[in-house]
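J.: coordinates for the following, if possible.
(one chain, ligands or ions: 1)
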Amino acid sequence: MTTTFEAGTDASQEASAPAVPMAARTRGLRKVYGRTVAVDHVDLDVPEGAVLGMLGPNGSGKTTTIRMLLGLVRPTEGEVELFGKKMPDEAAHALPDVGALVEGPGFHPFLSGRENLLRVAAAEPRLASAGIPAAVDAALERVGLTDAATRRYKGYSLGMKQRMGLASALLVPRRMVVLDEPTNGLDPAGTREIRRIIAELHADGVTVLVSSHLLAEVEATCTHVAVLQSGNVIAQGELAELLESGNAALLVRTPDAELAVETLRENRIGSRLTPDGVRVDLTAAEAPDVLRHLVTAGVAVHEAARARTGLEDLFARLTQPESTVDGEGES
Ligand SMILES: Nc1ncnc2c1ncn2[C@@H]1O[C@H](COP(=O)(O)OP(=O)(O)OP(=O)(O)O)[C@@H](O)[C@H]1O
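T.: From the prediction side, this is the model:
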């Protein structure tokens with residue numbers, strides 16, 4: 001697979017581009033478990049102030065990358081920096097700036113939500129004892145758990161447990177918040193709340209790194225995206241740029257769809273059939289040229305409109321075999 005859309009990792013760019021401060025940065029990051037290469041030479045850039053969505057199918061290495069970023073797992077090879085501090089060696093300096101929701105937060109089942117957060121807050125270096133109850137109540141309020149605060153954690157739903165993890169990440173103001181699959185187990189209302197919280201953090205200038213396999217989720221909340229596949233970052237950069245460069249297409253409504261696909265193939269332009277016509281890849285062709293080829297070949301074009309179908313399409317393109325990207329083998 002190509003890395004056509006990759007941004008910010010190439011050496012020449014590094015030399016010439018103005019230095020954008022990075023909240024998190026990895027170089028050549030690799031983690032091997034026995035025979036499994038979980039993460040393979042990942043160069044990830046998380047610019048300060050970005051909401052970066054780490055997108056990839058199950059097993060693509062998102063959680064392992066996040067764990068290495070947070071110093072929870074030691075890399076087999078490579079470097080990790082959080083706000084310029086080397087991880088895991090300088091974790092004690094870097095981590096107070098970073099709130100994290102990662103798999104399986106260790107809350108005590110027989111304590112209430114509030115009691116659990118009081119315990120977590122007591123270990124926060126940036127919270128003075130006198131400020132702890134107010135910080136806990138504010139975090140509970142922020143994630144919508146105030147009414148359930150005195151109930152035992154054991155009886156919480158999966159969604160409520162996720163909110164508890166989020167509350168513990170947000171106990172003190174952070175420069176960066178890392179959320180591993182934050183909407184897992186949440187209903188649509190809970191999902192909207194997570195989006196709202198991410199938007200609030202972004203408005204406050206907090207960097208957010210959020211992993212998800214839900215493409216619509218990333219598209220709705222993120223400014224940047226990194227796409228992982230089999231332990232590799234196959235594309236990263238600003239979401240708008242990735243969509244622009246990777247996704248331009250022309251939807252042509254025509255009864256002569258098969259003739260259209262054949263004509264475009266002869267002109268080395270990728271396309272595929274849709275229910276009412278063809279979808280033409282504009283990566284290597286301009287819309288007026290496409291229309292000219294079609295009309296010249298006698299294709300009746302009833303309607304033509306540019307399409308930008310979102311990250312789902314980009315993700316499918318990036319993770320498909322190369323031959324389908326240029327139109328070969330598409331149906
Ligand atoms: N502690 C471990 N021991 C052995 N293999 C592991 C371990 N952690 C992860 N792996 C393997 O590494 C690969 C990447 O896993 P990882 O959990 O990072 O992916 P992911 O993208 O977060 O997936 P998911 O969305 O399912 O959580 C998988 O093949 C996984 O089985």
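
J.: Provide the secondary structure category for residue 72.
T.: coil (DSSP: H, G, I helix; E, B strand; the rest coil).

J.: that one reaches residue 102, doesn't it?
T.: Yes: because the distance of 7.1 Å satisfies CB atoms under 8 Å, residue 72 is recorded as touching residue 102. Heads up, the C-betas are built off the backbone N, CA and C, glycines and all.

J.: quick one: which of these two has more around it?
T.: Per other CB atoms under 10 Å, whichever of residue 72 and residue 102 has more neighbours is residue 102, with 18 against 15.

J.: bridge partners for the residue nearest to the more buried one when sequence neighbours are not counted, pull those for me.
T.: Once flanking residues are discounted, residue 102 sits nearest to residue 180: 4.7 Å by CB to CB, 6 or more residues apart in numbering. Beta-bridge partners for residue 180, by DSSP bridges, are residue 211.

J.: count of neighbours near residue 180?
T.: Residues near residue 180, counting by other CB under 10 Å: 22.

J.: closest to the centroid, which residue in the chain?
T.: Central residue of the chain (CA atoms, centre = their mean): residue 53, 1.7 Å from the mean position.

J.: work out for me the element that one sits within.
T.: Assigned by DSSP states H and E, residue 53 belongs to strand 51-55.

J.: touching, residue 256 and residue 302? I think so.
T.: No: judged on CB under 8 Å, residue 256 makes no contact with residue 302 at a distance of 9.7 Å.

J.: neighbour count: the two, which is higher?
T.: residue 256 (19 against 12).

J.: contacts only, for the residue in the stretch 151-300 of the chain that the ligand sits nearest to.
T.: At 5.6 Å from the ligand, residue 213 is the closest residue in the stretch 151-300 of the chain, using CB to the nearest ligand atom. By CB atoms under 8 Å, 6 or more residues apart in numbering, the contact list for residue 213 reads 55, 56, 57, 58, 181.

J.: ok, now with 10 Å
T.: 54, 55, 56, 57, 58, 60, 62, 181, 184, 315 (CB atoms under 10 Å, 6 or more residues apart in numbering).

J.: now do the strands in the stretch 201-331 of the chain.
T.: Using DSSP state E, counting those that start in this stretch, the strands found in the stretch 201-331 of the chain span residues 207-212, 224-229, 232-238, 249-253, 271-274, 277-281, 303-307.

J.: ok, which of the ones you listed comes nearest residue 144?
T.: Closest approach to residue 144 among those is made by strand 207-212 (18.4 Å; CB to CB).

J.: how about the closest one as CSV, C-alpha atoms only?
T.: Extracted in CSV, the C-alpha atoms of strand 207-212 (Å, rounded to 0.1, in the frame of the first residue of the first chain):
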residue,chain,number,x,y,z
THR,A,207,-4.8,18.1,22.5
VAL,A,208,-7.0,15.0,22.1
LEU,A,209,-5.8,11.6,20.8
VAL,A,210,-8.8,9.3,20.4
SER,A,211,-8.8,5.8,18.9
SER,A,212,-11.8,4.4,17.2
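
J.: the helix ranked longest in the chain vs strand 207-212, what angle?
T.: If you go by DSSP state H, the chain has its longest helix at helix 188-203. Orientation check (axes from the mean of the first three to the mean of the last three CA atoms, to 10 degrees): helix 188-203 against strand 207-212 gives 150 degrees.
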